[in-house]
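S.K.: give me coordinates for this.
(2 chains)
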Amino acid sequence: MSETQEFTIGQMVLVKRLWPTNHHRVPYYLKGKVGQVATCLGPVDNPELTAYFNKSSGQHILYRVRFTHAHLWGGNQIDEIYADLAGKWLCKAEG
Amino acid sequence: MADHQNYIHDHTHSNDHATHPDLDGHTLSDGEVWEAALRELLLEKGVITLPELNDQMNRTASQSATFGASIIAKAWTDQKFKKALLANPKATIADLGHDISTMPDLVIVENRVDVHNVVVCTLCSCYPRYMLGPPPEWYRSAAYRARVVRDPREVLIEFGLNISAEKTIRVYDSTADLRYMVMPLCPPGAEHTPVKHLQTIITRDSMIGVGLPRLP
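M.R.: Predicted coordinates:
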């Protein structure tokens, strides 16, 4: 089962605060943080499955998400961090 | 000196004539034991052959940032190529006759007068080896990976790069299967320099984002 694109460019998204023990590609410092979708990178193989040699469950949609340094670390207003995150790790940010 | 002697105490040959410097005077880590076990099994069972292994190790060791620099230098001098390269890096590089079809996907981020880009992989140490060669040790260090997302300005100052407070520092954390590299800005006045001279000023560090092209 492949996902469809769920988020649009410019949309604010919250990174889910989940702590699975299996392989996943979400750094801890981004969990629970709010970012803005910069680009949709389209469907890619899901590393949470391919890490275990399982390619049977399809791909997931990857988004490049922009976070401000101020939000992540309370630092300056102009620096930013971009990370590539799977749609299943994101949800709509409130407000 | 005492430490050094401890390292070689179990070797009968002179340290000046090490036959396998990778293993000499060194206690194997768990990871190295696993690597050796896997490698020997793959060879024993014929999954790979020793010549194939050596060829691949040679290919990997022969990759260098000179290649990445030549691509960036071409982009600096050829706007059409640059546009294509930024839009579709792998296909554009392949069009030059390089076989990179088996390499991971690549993203090239362009520095701007108001944005300075830096690349890191906080989760492991993803790096565009086929463009930049083997990664420097510091790139894989926990210190760089942790600090460059947290305090990029200070880390860049330690690399000798003082980014103006008005300029955005944009850190790319390569969390997925995409490899990132930076296209630095061409230094003013260098636009009409021949490509082969330009590529010598485009350092590895400038394509990671912790340096700038060096004018002679």
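
S.K.: distance of B:Thr122 from A:Val44?
M.R.: 19 Å (Cβ to Cβ, to the nearest Å). Just so you know, the C-beta spots here come from the backbone N, C-alpha and C atoms, and that holds for glycine as well.

S.K.: tell me which of the two has more neighbours.
M.R.: Looking at B:Thr122 and A:Val44 with other Cβ atoms under 10 Å in any protein chain shown, you find the greater number of neighbours at B:Thr122, namely 23 against 17.

S.K.: what number of residues lie near B:Gly189?
M.R.: Around B:Gly189 there are 8 other residues, counting by other Cβ under 10 Å.

S.K.: list the contacts of it.
M.R.: B:Leu215 (Cβ atoms under 8 Å, 6 or more residues apart in numbering or on different chains).

S.K.: dihedrals phi and psi, the closest residue in space to A:Asn76 that isn't next to it in sequence?
M.R.: Nearest non-adjacent residue to A:Asn76, counting by Cβ to Cβ, 6 or more residues apart in numbering or on different chains: A:His69, 5.9 Å away. Torsion angles at A:His69 (phi, psi; degrees, to the nearest 10) stand at phi -60, psi -40.

S.K.: repeat that for A:Cys40.
M.R.: Dihedral angles (degrees, to the nearest 10) for A:Cys40: phi -100, psi 120.

S.K.: any idea how far it is from A:Leu90?
M.R.: Using Cβ to Cβ, A:Cys40 is found at 11 Å from A:Leu90.

S.K.: for those two, list the residues in contact with both.
M.R.: A:7, A:63.

S.K.: who has more neighbours, the two?
M.R.: For the pair A:Cys40 and A:Leu90, the greater number of neighbours falls to A:Leu90 (21 against 16), based on other Cβ under 10 Å.

S.K.: B:Asp99 versus that one, what's the distance?
M.R.: Between A:Leu90 and B:Asp99 the distance is 36 Å, computed by Cβ to Cβ.

S.K.: residues from chain A in reach of chain B?
M.R.: Listed as neighbours of chain B in chain A under the rule Cβ under 8 Å from any Cβ of the partner chain: A:25-27, A:29, A:41, A:44-45, A:47, A:62, A:69, A:72-73, A:75-76, A:78-86.

S.K.: any of the residues you listed buried? List them.
M.R.: A:25-27, A:29, A:41, A:44, A:47, A:62, A:69, A:72, A:78-86 (16 or more other Cβ atoms under 10 Å in any protein chain shown).

S.K.: can you say which helix or strand has the residue in chain A that chain B sits nearest to in it?
M.R.: Using Cβ to the nearest Cβ, the closest approach of chain A to chain B is made by A:Asp84 at 3.7 Å. Assigned by DSSP states H and E, A:Asp84 falls within strand A:80-86.

S.K.: just checking, which helix or strand of chain A averages the lowest pLDDT?
M.R.: Lowest by mean pLDDT, DSSP states H and E among the helices and strands of chain A is helix A:47-50, with a mean of 88.

S.K.: ugh, wrong one, I meant chain B
M.R.: Lowest on mean pLDDT, DSSP H and E among the helices and strands of chain B sits helix B:2-8, with a mean of 40.

S.K.: ok, now which ones touch B:Thr92?
M.R.: Counted by Cβ under 8 Å, 6+ apart, B:Thr92 has contacts B:81, B:84-85.

S.K.: run through the residues of chain B sitting next to chain A.
M.R.: Near chain A, when you scan chain B using Cβ under 8 Å from any Cβ, you find B:122-123, B:149-153, B:165-178.

S.K.: got the residue ranges for the helices in chain B?
M.R.: Assigned by DSSP state H, the helices in chain B fall at B:2-8, B:30-44, B:50-62, B:65-77, B:79-87, B:89-94, B:129-132, B:137-140, B:142-150, B:152-158, B:195-201, B:204-208.

S.K.: what about the third one, average pLDDT?
M.R.: For helix B:50-62, mean pLDDT rounds to 90.

S.K.: now do the last one
M.R.: For helix B:204-208, the mean pLDDT works out to 97.

S.K.: elements contacting that helix?
M.R.: With contacts defined as 3 or more Cβ pairs under 8 Å, 6 or more residues apart in numbering or on different chains; DSSP states H and E, helix B:204-208 has these neighbours: helix B:65-77, helix B:129-132, strand B:178-183.

S.K.: report the buried residues of it.
M.R.: Neighbour-count burial for helix B:204-208 flags B:204-208 (criterion: 16+ other Cβ under 10 Å).

S.K.: list the residues that contact the residue nearest to the residue of chain A closest to chain B when sequence neighbours are not counted.
M.R.: Nearest residue to A:Asp84 in three dimensions, chain neighbours excluded: B:Ala176, at 3.7 Å (Cβ to Cβ, 6+ apart). Residues in contact with B:Ala176 (Cβ under 8 Å, 6+ apart) are A:25, A:41, A:44, A:47, A:62, A:84-86.
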